[in-house]
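Novice: here is my input, please return the structure:
(2 chains)
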Amino acid sequence: MSSNRELAAIFQKIATVLEIMGANAFKINAHVKVARVLEDLVQDIATVEDLSTLPGVGKSSVAKIKEYLATGEIKELSDLLGSIPSGLLDLMEVQGLGPKTVRRLWQEAGVVDIPTLKSAIEGGQLESMPRMGKKTISNIADSLAFLEVASERTRIGDAMPIAEMIIDQLAKTKGVNNIEFAGSLRRGKETIGDIDILATTTDSALLAETFCTLGGVTKVLVRGDTKCSIRLDCGMQVDLRIVAEDAFGAALMYFTGSKEHNILVREQAIKQKKRLNEYGLFDLDKNCIAAKTEESMYKDLGLPYIPAELREGKQELTLPQTPPLIQHSDIQSDLHTHTIASDGHLTITELAEEAKRRGLHSIAVTDHSQSSMQANGLSPKRLEQHIADIKKANEELDGINILAGSEVDIHADGRLDYEDELLAELDIVVASPHSSLKQDPIQATSRLLKAIEHPLVHIIGHPTGRVLGKRPGLEPDMPTLFAAAAACQTAMEINANSWRLDLRDTHVHAAIQAGAMISINTDTHAASDFDQLRYGILTARRGWLIPENCINCFSFDRLLAWLGRSC
DNA sequence: GCCGTTTTCGGCCCGACTGTTTTCAGTCG
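Specialist: Numbers count the residues shown, from 1 in each chain, chains lettered A, B, ... in the order given. Take a look at the predicted model:
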């Protein structure tokens, strides 16, 4: 919902202005928390009956949200922005600049935005400020230059291979015992800020040296005894923490986060008269109760083990036991793939062989439909021939079932791109939006609803059509869609391609709550695309998906029965 | 500003690192 995002941005801005003005830190945090809750909210904020039921939303925030819904703005923000130059907000994005420094730059050097900061540096005006030495000024200049070329966050599909490559190299360093990545990467978020790596070693000097001189390092940002930070030529920042062997679990838990999860578990510790930090769980006499493994930490806090993907500070501490979240090995079929018949790079046989090699029992061939001209979509006549080719390949190949399908376009008005008679010949129909991705939410809802309710449609492919960092995609009323999907037994896809991850994590959770089935597919166009499945799994786990709610985990017989379901 | 299984008032995580200082403020995660 765009209004959710817009409102979240307003709360975030209020928080940032308050920070520059030196307001109470907890008041600032309260605004940041509301912003986060709004960003994660699946339901349109305008349809929430009792706003005060949202976590972190109190009396004052309810009033602000209501004001926004009635007028489209919040006066407090315009008032606040009247008291400081609005360009100061941009300065807060500069690494190393915090609220105190930004305020001083403004009041003592007349800096009001990034251009005036640049000229103040060039003109030497900062040098006369107290606590502003050569090194600090040069670091600010570096950060400014970096800000111009850097994008905000990195897609997990880019970050994960980098992290794994670095870990591979560091693991070979003499003395290293444990090494793992933590942070948002371990939690499986769709985009990553920094890569966090934790290690134990008998030679920390050697490990730090190896880390700071890795290929691709453009700047060493921090180099201490236990913490080093580097920036890579791709723009990513990587932090290495060297921790004690017997406190690896405590450190892993702490640096995996999220910050919100850490606060919740720390509160849990305080309630039990314990104390929790990155070195372990302690009693009031500072005796260590647990530290070595994450499992022991959660156990001694009286909690079930909480998988990293659930650690977002939401409802995870209320879990009575560890949920059996879906795993890579649970996936037995891929139900959305392409061949050279449309825009893929593999033949039907090559595709099926690759699926078989990866241990799947079934693969659905779902090439594009006729309207997808750019993707060489199949005319009805070509589809007829393609179905025959798929059936022939299915007979010839052992050890894999090949289903004849189509990824059929959902037109802007909700009609499908083939006649029902043709769709009825297919084993499986994935219906996806590919065009008119900027249509308004009401039209988008009705469009997707028609496809969900179509008796021949099994799966809605990449339901919003978003592409991370490039286009937001459709913004339909998700709760309405999920209710219909549950009623019609139409599965909603998690497209595992790391550019898409569509449905996103919060959608998956809402879909399951509504009783809808989920399908995780790679949308494979080339053999290596099967590797993207891991990102779909992470997104599914973040949405609390268990195998029972995912049709790709069904045995072949059960899948066939499900595909034959009546709507 | 938000919250409540000791609380409607009094908490709200806290340690590492940097740069500038001679003991600490600011930033970050």
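Novice: pull up the pairing partners for the biggest strand by length in chain A, direction included.
Specialist: Assignment by DSSP state E gives strand A:401-409 as the longest strand of chain A. Under the criterion DSSP bridges, strand A:401-409 sits next to strand A:362-368 (parallel), strand A:428-432 (parallel) in its sheet.
Novice: how far does it sit from its chain's centre?
Specialist: Centroid separation between strand A:401-409 and its chain, computed with CA atoms, centre = their mean, to the nearest Å, is 28 Å.
Novice: which parts of the helix or strand that it is followed by are buried?
Specialist: Next along the chain after strand A:401-409, taking DSSP states H and E as the criterion, comes helix A:420-423. The neighbour-count check on helix A:420-423 (16 or more other CB atoms under 10 Å) flags A:Leu422, A:Leu423 as buried. Bear in mind the C-beta positions are built from the backbone N, C-alpha and C, glycine included.
Novice: what does stretch A:522-538 give?
Specialist: Those buried within stretch A:522-538 under the rule 16+ other CB under 10 Å are A:522-525, A:527, A:529-530, A:532-538.
Novice: how about those in a markdown table, adding secondary structure and distance to DNA strand B?
Specialist: Listed next are the buried residues of stretch A:522-538 as a markdown table, based on DSSP: H, G, I helix; E, B strand; the rest coil; distance: CB to the nearest atom of the strand, whole Å:
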| residue | secondary structure | distance to DNA strand B |
| --- | --- | --- |
| A:Thr522 | coil | 31 |
| A:Asp523 | coil | 33 |
| A:Thr524 | strand | 35 |
| A:His525 | coil | 35 |
| A:Ala527 | helix | 36 |
| A:Asp529 | helix | 32 |
| A:Phe530 | helix | 32 |
| A:Gln532 | helix | 27 |
| A:Leu533 | helix | 28 |
| A:Arg534 | helix | 23 |
| A:Tyr535 | helix | 22 |
| A:Gly536 | helix | 26 |
| A:Ile537 | helix | 24 |
| A:Leu538 | helix | 19 |
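Novice: which secondary structure elements does the top helix by length along chain A contact?
Specialist: In chain A, taking DSSP state H as the definition, the longest helix is helix A:2-20. The contact analysis (3 or more CB pairs under 8 Å, 6 or more residues apart in numbering; DSSP states H and E) places helix A:2-20 against helix A:25-40, helix A:59-71, helix A:75-83, helix A:88-91, helix A:99-109.
Novice: identify the residues contacting it?
Specialist: A:27-29, A:31-32, A:34-36, A:38-39, A:41, A:44-46, A:61, A:64-65, A:68-69, A:73-74, A:76-77, A:80-81, A:83-84, A:88-89, A:92, A:99, A:102-103, A:106, A:441, A:472, A:475 (CB atoms under 8 Å, 6 or more residues apart in numbering).
Novice: is any residue of it near DNA strand B?
Specialist: No. Applying CB under 7 Å from any atom of the strand, one finds helix A:2-20 separated from DNA strand B by no less than 8.5 Å.
Novice: how about that helix: buried residues?
Specialist: Buried residues in helix A:2-20 (16+ other CB under 10 Å): A:3-5, A:7-8, A:10-20.
Novice: just the strands in the stretch 151-300 of chain A please.
Specialist: Secondary structure of the stretch 151-300 of chain A by DSSP state E, counting those that start in this stretch: the strands cover A:154-155, A:176-181, A:191-192, A:195-201, A:217-223, A:227-232, A:237-242, A:274-277, A:280-283, A:288-290.
Novice: please identify the most buried of those.
Specialist: Of the strands of the stretch 151-300 of chain A, the one with the most neighbours on average (mean count of other CB atoms under 10 Å) is strand A:195-201, at a mean of 23.
Novice: what lines up beside it in the sheet?
Specialist: Using DSSP bridges, the strands paired with strand A:195-201 in its sheet are strand A:176-181 (antiparallel), strand A:237-242 (parallel).
Novice: how far off centre is stretch A:289-298?
Specialist: Its chain's C-alpha centre and that of stretch A:289-298 lie 27 Å apart, by CA atoms, centre = their mean.
Novice: oh, I was asking about stretch A:53-66
Specialist: Centroid separation between stretch A:53-66 and its chain, computed with CA atoms, centre = their mean, is 26 Å.
Novice: for the record, mean pLDDT for it?
Specialist: Mean pLDDT, stretch A:53-66: 93.
Novice: what's the answer for stretch A:137-148, then?
Specialist: Averaged over stretch A:137-148, pLDDT sits at 88.
Novice: that one vs DNA strand B: in contact?
Specialist: Yes. Using CB under 7 Å from any atom of the strand, stretch A:137-148 comes into contact with DNA strand B via A:Ile137, A:Asn139.
Novice: and that stretch, what's buried?
Specialist: A:Ile137, A:Asn139, A:Ile140, A:Asp142, A:Ser143, A:Leu144, A:Phe146.
Novice: now do the SS call for the second one.
Specialist: Taking DSSP: H, G, I helix; E, B strand; the rest coil as the rule, one finds A:Asn139 in the helix state.
Novice: need the contact list for it.
Specialist: Contacts for A:Asn139 (CB under 8 Å, 6+ apart) come out as A:Gly96.
Novice: ok, it to A:Lys219 distance?
Specialist: Here the criterion is CB to CB, to the nearest Å. By it, A:Asn139 lies 10 Å from A:Lys219.
Novice: same deal with A:Asp233?
Specialist: Distance, A:Asp233 to A:Lys219, using CB to CB: 10 Å.
Novice: likewise for A:Arg231?
Specialist: Distance from A:Arg231 to A:Lys219, by CB to CB: 4 Å.
Novice: cool, and A:Glu421?
Specialist: Taking CB to CB, one finds A:Glu421 at 63 Å from A:Lys219.
Novice: give the closest residue to A:Leu221 in space, chain neighbours not counted.
Specialist: Leaving out its chain neighbours, the residue that sits closest to A:Leu221 by CB to CB, 6 or more residues apart in numbering is A:Ser229, at 4.1 Å.
Novice: hang on, the earlier thing: a markdown table for the buried residues of stretch A:522-538, including distance to A:Asp50?
Specialist: Shown next, in a markdown table, are the buried residues of stretch A:522-538 (distance: CB to CB, whole Å):
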| residue | distance to A:Asp50 |
| --- | --- |
| A:Thr522 | 41 |
| A:Asp523 | 39 |
| A:Thr524 | 44 |
| A:His525 | 46 |
| A:Ala527 | 51 |
| A:Asp529 | 44 |
| A:Phe530 | 45 |
| A:Gln532 | 40 |
| A:Leu533 | 40 |
| A:Arg534 | 39 |
| A:Tyr535 | 36 |
| A:Gly536 | 34 |
| A:Ile537 | 35 |
| A:Leu538 | 33 |
